[in-house]
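**Student:** Predicted model and sequence follow; I will ask about them next.
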Amino acid sequence: MTSFYEYGPFIQEMMQDSNLTLAYEALQVLYTYVRFAKDIKSISFSIHNFLLEKVQVNKANFRELDLKILSVMINRDQASYVLPELIKRFKAKN
């Protein structure tokens, strides 16, 4: 499997697009990559801020997929610094 650096910028562009279908498909691609890639350090560092923003989205399917990605990252000890930030955002009033 190739490095995330090759596809990372493209996936990030897709996720930040205003087209919700495209953004959701990009999250699915990212989830597949996170599940099967051997080394996801580059992903966890470059994409965690975007994932934390999307956790609070009102669309259930986005939130569910986002939480799946974050849980895989946390289970693989690649995003342990994300967990406190995630809990803080769920405690927020908004």
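**Tutor:** Arrived safely. Predicted model, so just to flag it, every value in this text is computed and none were measured. Numbering: from 1, shown residues only.

**Student:** Every contact and neighbour count from this point should use C-alpha atoms.
**Tutor:** Will do.

**Student:** chain center to stretch 12-19: distance?
**Tutor:** Computed by Cα atoms, centre = their mean, to the nearest Å, the chain-centroid distance of stretch 12-19 equals 12 Å.

**Student:** And it, end to end?
**Tutor:** This stretch, stretch 12-19, spans 13 Å end to end (Cα to Cα, to the nearest Å).

**Student:** Could I get the buried residue list for that stretch?
**Tutor:** Buried residues in stretch 12-19, counting neighbours by 16 or more other Cα atoms under 10 Å, are found at 12, 14-15.

**Student:** quick one: contacts for the residue minimising distance to the centre of the chain?
**Tutor:** Nearest to the geometric centre of the chain sits Leu51, at 4.0 Å (Cα atoms, centre = their mean). Contact analysis of Leu51 by Cα atoms under 8 Å, 6 or more residues apart in numbering lists 66, 70.

**Student:** Okay, and it sits in which element?
**Tutor:** Applying DSSP states H and E as the criterion places Leu51 in helix 41-54.

**Student:** Same question for Leu83.
**Tutor:** Per DSSP H and E: helix 82-91 holds Leu83.

**Student:** Show me what the helix or strand hosting Phe10 packs onto, helices and strands only.
**Tutor:** Using DSSP H and E, Phe10 maps to helix 4-15. Applying 3 or more Cα pairs under 8 Å, 6 or more residues apart in numbering; DSSP states H and E, we find helix 4-15 packed against helix 20-36, helix 41-54.

**Student:** I'd like these as CSV, with mean pLDDT and distance to Ile87 appended.
**Tutor:** Output for those, formatted as CSV (pLDDT from 0 to 100; distance: least, Cα to Cα, whole Å):
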stretch, mean pLDDT, distance to Ile87
helix 20-36, 85, 21
helix 41-54, 70, 10
